[in-house]
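Q: Fold the following for me, if possible:
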Amino acid sequence: MAFRCDLIIRDATIIDGTGAPRFQGDVAVNGDRIIAMGDLGSAAGQEEVIATGLALAPGFIDAHTHDDRAVLCGPACQHCKVSQGVTTVVVGNCGVSLAPLRMTRRPPPPLDLLGDESWFTLGSFAEYAEALETRPTNVNTLAFCGHMSLRVEAMEGDVYRAANDREIAAMQARLSEALAQGAAGFTTGLYYAPNAQATTDEVIAVGEALRAHGGIYMTHMRDEADNVLDSIRETLRIGRETGTAERPVEVIISHHKCSMPENFGRSRETLALIDSLGQDQPVAFDVYPYPAGSTVMMPERLRQDVPVQITWSVPHPEVAGRDLDDVAREWGMTRKATAEKLLPAGAIYFQMDEADVRRIMAHPRSMIGSDGIPHDAVPHPRLWGTFPRVLGHYVRDVKLFSLETAIHKMTGRTAAVFGLQQRGTIRPGNYADLVLFDPATVADRATYKTPTLTSLGIHRVWNNGEATLNTEGLTGAAPGRFLRNPRLAA
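A: Predicted coordinates for the structure are as follows:
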């Protein structure tokens, strides 16, 4: 069939995002859509890319980010994601969202992962959506509304207690408004002090807004350590009771893990429980490919058997990137006193077992999410390395699963879980979110000591049909869009 179009990618090894075996072929793009694929020898493109020896996949969907602020800062702020092949980010995780919340003083941790009060200026979700549309970036954004942000507003900052009925009603109303304005769902961070006093009933009551408007419940669970099984049960209960018996709310467990040495190996139990409960309701989880996590510095939760690396500190920025114990020795202070002196601050915690990471990642319910924190001075390497690390280390080196399975966990599965229509797979009619990479060389370079090194093997990235990365680097194009989740009631 002879035709002309904007772009043809020729002789690519196509991995279409469905998990099906790879095949050789061409892909044609016109405007923001894929219009044809197969043997397109008689077609002509205004631009043609010869992809012999390279793999073409759907653009990667980062299932878990804290990019709420970064997506408002222009294309350069998303270099860490586009350089990995990411075309869509999910924001508002762990109960932390930039909107709907205005602040006049520094937000309580971990809300300050997104910045100080100068960034909390969006009083409604509609304002956040408008900001994304008027200040586009080079990734698509799917945004959730965070419980912690709702609590800070409704409880006037007094968040270290249970909410009363009036405050719960205010939070439910604000969530309902956010959902009507395009939020994809509701997230909680029950692990953190500003939410830890929230009862299960409070979360269910606030989350009842999902029943009328649709959307997903996504959570950083109350406990990922000793009480991880109880936390899974609580999470699934919230999904059932915020929905209906016929239609429970879809649940996503954030960055599923089994924390602390005494819980190493318990992923066998957690995955079995999730599978058992998941027979009657939809449940998925995301995972990052590292045995260390990162969040705010929490002196009260430090343990001597868990190494800690400082990622940022407001009063002592000079120690970012250093080991907490080294700084404590230098200052002649206890570990806890040193951590307290650093506040507000962030840290990396080496608290997981590699075997658990692999078991969770290989499970068919998993999706890949970086959980990267873009505003840390010396961030966790997952911010820059997550997706190439899966493709290089876990596919090519460890052989944990096939390349087709890895791509599915980054694209088609993620799009299906989040309800993203016409994204996540390569097929005619879908949006042209694409990444061209070399399976033989793709690899992460970011390490805990040098965490901002760009990855290898990612050749080109297109978002909505426009090139955002080429062989010279970022193109400066900003075709990213705010994605309104189609699960929301029409």
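Q: Number of residues surrounding the closest residue to Gly392 other than its chain neighbours?
A: Spatial nearest neighbour of Gly392, chain neighbours left out: Ala443 (3.7 Å); criterion: C-beta to C-beta, 6 or more residues apart in numbering. (Each C-beta comes from the backbone N, C-alpha and C, glycine too.) Look at Ala443: counted by other C-beta atoms under 10 Å, it has 18 neighbours.
Q: The lengthiest strand in the chain pairs with which strands?
A: Longest strand in the chain by number of residues (criterion: DSSP state E): strand 4-14. Paired strands of strand 4-14, with direction, are strand 23-30 (antiparallel), strand 44-50 (parallel), strand 55-58 (parallel) (DSSP bridges).
Q: what does the shortest one contact?
A: Pointing back at strand 55-58 there. 9, 12-17, 22, 27, 85, 87, 403, 407, 410-412, 415, 423-426, 430, 433-439 (C-beta atoms under 8 Å, 6 or more residues apart in numbering).
Q: So what are the sheet partners of whichever helix or strand comes after that strand and their directions?
A: Sequence-wise, the next helix or strand downstream of strand 55-58 (DSSP states H and E) is strand 60-62. The pairing partners recorded for strand 60-62 under DSSP bridges are strand 86-91 (parallel).
Q: Give the pairing partners of the helix or strand just after the partner strand; include direction for each.
A: Counting by DSSP H and E, the next helix or strand C-terminal to strand 86-91 is strand 101-102. With DSSP bridges as the test, strand 101-102 is paired with strand 121-122 (antiparallel).
Q: Distance from the partner strand to the middle of the chain?
A: Computed by C-alpha atoms, centre = their mean, to the nearest Å, the chain-centroid distance of strand 121-122 equals 22 Å.
Q: How about stretch 74-84?
A: On C-alpha atoms, centre = their mean, the centre of stretch 74-84 falls 14 Å from the chain's centre.
Q: quick one: contacts of it?
A: So stretch 74-84 is contacted by 60, 62, 65, 67, 70-71, 86, 89, 135, 137-139, 370, 372, 374, 383-388, 452, 454-455, 458, 461, 468-469, 474, 476-478, 480 (C-beta under 8 Å, 6+ apart).
Q: any idea which helix or strand comes after the helix or strand where Glu404 lies?
A: In the assignment (DSSP H and E), Glu404 maps to helix 403-410. Next helix or strand after helix 403-410 toward the C-terminus (DSSP H and E): helix 412-418.
Q: tell me the domain boundaries of the chain?
A: 4-57+440-474, 59-294+348-424, 295-347 (automatic domain parsing).
Q: Report the beta-bridge partners for the residue nearest to Gln309 when sequence neighbours are not counted.
A: Nearest residue to Gln309 in three dimensions, chain neighbours excluded: Ile348, at 4.3 Å (C-beta to C-beta, 6+ apart). Bridge pairing for Ile348 (DSSP bridges) gives the partners Ser294, Gln309.
Q: which residues touch Ile348?
A: Contacts of Ile348 by C-beta under 8 Å, 6+ apart are Ala292, Gly293, Ser294, Val308, Gln309, Thr311, His380, Tyr448.
Q: Can you tell me which of these is closest to Ala245?
A: Checking the contacts of Ile348 against Ala245 by C-beta to C-beta gives Gly293 as the nearest, at 35.4 Å.
Q: correct me, but the closest one touches Ala347?
A: No - the criterion here is C-beta atoms under 8 Å, and Gly293 misses it with Ala347 at 9.3 Å.
Q: Which one's more surrounded, the two?
A: When neighbours are counted by other C-beta under 10 Å, Gly293 and Ala347 differ, and Ala347 comes out ahead with 25 against 19.
Q: what residues are up against the more buried one?
A: Ser294, Thr295, Val296, Met297, Met298, Val308, Gln309, Ile310, Thr311, Leu324, Ala339.
Q: leaving aside the residues next to it on the chain, what's closest to the second one?
A: It stands for Thr295. In this structure, Thr295 finds its nearest non-sequential neighbour in Pro110, 5.9 Å apart by C-beta to C-beta, 6+ apart.
Q: you'd agree that neighbour is up against Tyr191?
A: No - counting by C-beta under 8 Å, Tyr191 is not a contact partner of Pro110; they are 9.3 Å apart.
Q: All good on my end, thank you.
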